[in-house]
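> My questions are about this predicted structure, shown below with the sequence.
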Amino acid sequence: MMDEKYINSFIKSISQVFSMMGLGEIISGSIYNKENFTCRYNLTTIISLSGNIKGNVALSMPYDTARKIASAMMMGMEVAEIDEISVSALGEMTSMICGQATMELSSQDFLIDITPPTIIHGEKIKAYISQVETIVVEIDSALGNIELNLGLEI
Amino acid sequence: MEYINSFKDSIKETFESMFDEIIILENETTAPTWILSKGAAVVVGITGEKKGKVLLDMSLETALELAKKVDSDLGEEDLALFTMAEFCNISSGGAITMMNDSYKRAGLWLATPGIFTGINAKIFSPNMKAILLSYNSRFGLIDFHIGFEGV
């Protein structure tokens, strides 16, 4: 199982970004090794890492959570459906989370760079983000459930 | 947008050597900011002086047929997807090596590929100017979306 310090960096970063953006508090729940590649929810944002730590970080969430987060990030603007503007807001949030987490890890002598975000949504989405292991952290937020997927090669 | 030639060379060379098949570039155009996936997609991120990504998209049937060209036992979906990821990774790696050799300060790196499948899957690459290279092969259409931020 992946070292807790890597997992905690991302949980802490989600908490900080949510707080900073006025998205409320989060509670991290179960942490487990993913047995299959099916995403629990319809929408997933992905950012890749290169450097001392390689891999992918994916945030998977239901449409309802995605709409609420996008709306909150756009100053309360109504988000009736997931479009290019709301997707851009969700991508920005993922960039902030990964940027914050990698900055903390960089202070522990890791040199990490992140890629621009990709967002995928649809039905029966499967995501293969690591050939090693994928760790899942279930997160409960005021805006709904989020599944943090960490596929990191360290 | 000179970088696109490095990708064209590398994609063609990689496809021919990996699958022993011909691939034909049918269209080159500005990529839309989102696509409706044909069924299976691979994303390889690029970091360094410029950040970008390569998105490879094809049908699951095409991926399965191509995998059989590498190893006739590779019929299973997962293995076909890993073959597809390998194709995208090698093509992208060849291209950024050429770019790093040509422009000494490019300093580009590849990230680990992510593979995605789904039904009616829409894939977005916000805030990125990308070029769409549409290829045809004996096994179906193959699209590459290649883009960098701020290029």
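Nice, I can see it.
> A:Lys124 and B:Gly118 touch, don't they?
Yes - between A:Lys124 and B:Gly118 there is a contact under CB atoms under 8 Å: 5.5 Å. Any C-beta I mention is one placed from the backbone N, CA and C, and that applies to glycine too.
> Can you list the residue ranges for helices in the chain?
All of this refers to chain A. Counting by DSSP state H, chain A has helices at residues A:4-20, A:63-73, A:84-106.
> To clarify, I was referring to chain B.
Using DSSP H, helices in chain B cover B:3-19, B:60-70, B:77-102.
> which other helices and strands contact the shortest one?
Packed against helix B:60-70, as judged by 3 or more CB pairs under 8 Å, 6 or more residues apart in numbering or on different chains; DSSP states H and E, are the following elements: helix B:3-19, strand B:40-47, helix B:77-102, strand B:140-148.
> Would you mind saying which of these lies nearest chain A?
Chain A lies closest to strand B:40-47 among those, at 2.9 Å (CB to the nearest CB).
> Counting by contacts, list what that closest one packs against.
Using 3+ CB pairs under 8 Å, 6+ apart, strand B:40-47 is in contact with strand A:43-51, strand A:112-114, strand B:52-58, helix B:60-70, helix B:77-102, strand B:109-110, strand B:114-124.
> Please tabulate the ones you listed in TSV and include mean pLDDT as additional columns.
Conversion of the helices and strands packed on strand B:40-47 to TSV gives the following (pLDDT from 0 to 100):
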stretch	mean pLDDT
strand A:43-51	96
strand A:112-114	95
strand B:52-58	97
helix B:60-70	93
helix B:77-102	94
strand B:109-110	96
strand B:114-124	95
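> sorry, back to before: in JSON lines: the helices of chain B, plus mean neighbour count and distance to B:Val151.
Shown next, in JSON lines, are those (neighbours: other CB atoms under 10 Å in any protein chain shown; distance: least, CB to CB, whole Å):
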{"stretch": "helix B:3-19", "mean neighbour count": "18", "distance to B:Val151": "8"}
{"stretch": "helix B:60-70", "mean neighbour count": "20", "distance to B:Val151": "29"}
{"stretch": "helix B:77-102", "mean neighbour count": "20", "distance to B:Val151": "12"}
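> With distance to A:Glu35 as added columns, please give those helices in TSV.
Output for the helices of chain B, formatted as TSV (distance: least, CB to CB, whole Å):
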stretch	distance to A:Glu35
helix B:3-19	30
helix B:60-70	22
helix B:77-102	13
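> and A:Thr115, which of those is closest to it?
helix B:77-102 (11.8 Å; CB to CB).
> How about that closest one and chain A, any contact?
Yes - for helix B:77-102, a contact with chain A is found by CB under 8 Å from any CB of the partner chain, at B:78, B:81-82, B:85.
> what would those residues look like in CSV with distance to A:Met73?
As requested, the residues of helix B:77-102 next to chain A are exported to CSV (distance: CB to CB, whole Å):
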residue, distance to A:Met73
B:Asp78, 35
B:Leu81, 32
B:Phe82, 35
B:Ala85, 31
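> and the residue sitting nearest the centre point of chain A, what are its bridge partners?
By CA atoms, centre = their mean, chain A has its centre lying nearest to A:Leu59, at 3.1 Å. For A:Leu59, the beta-bridge partners are A:Thr45, A:Leu148 (DSSP bridges).
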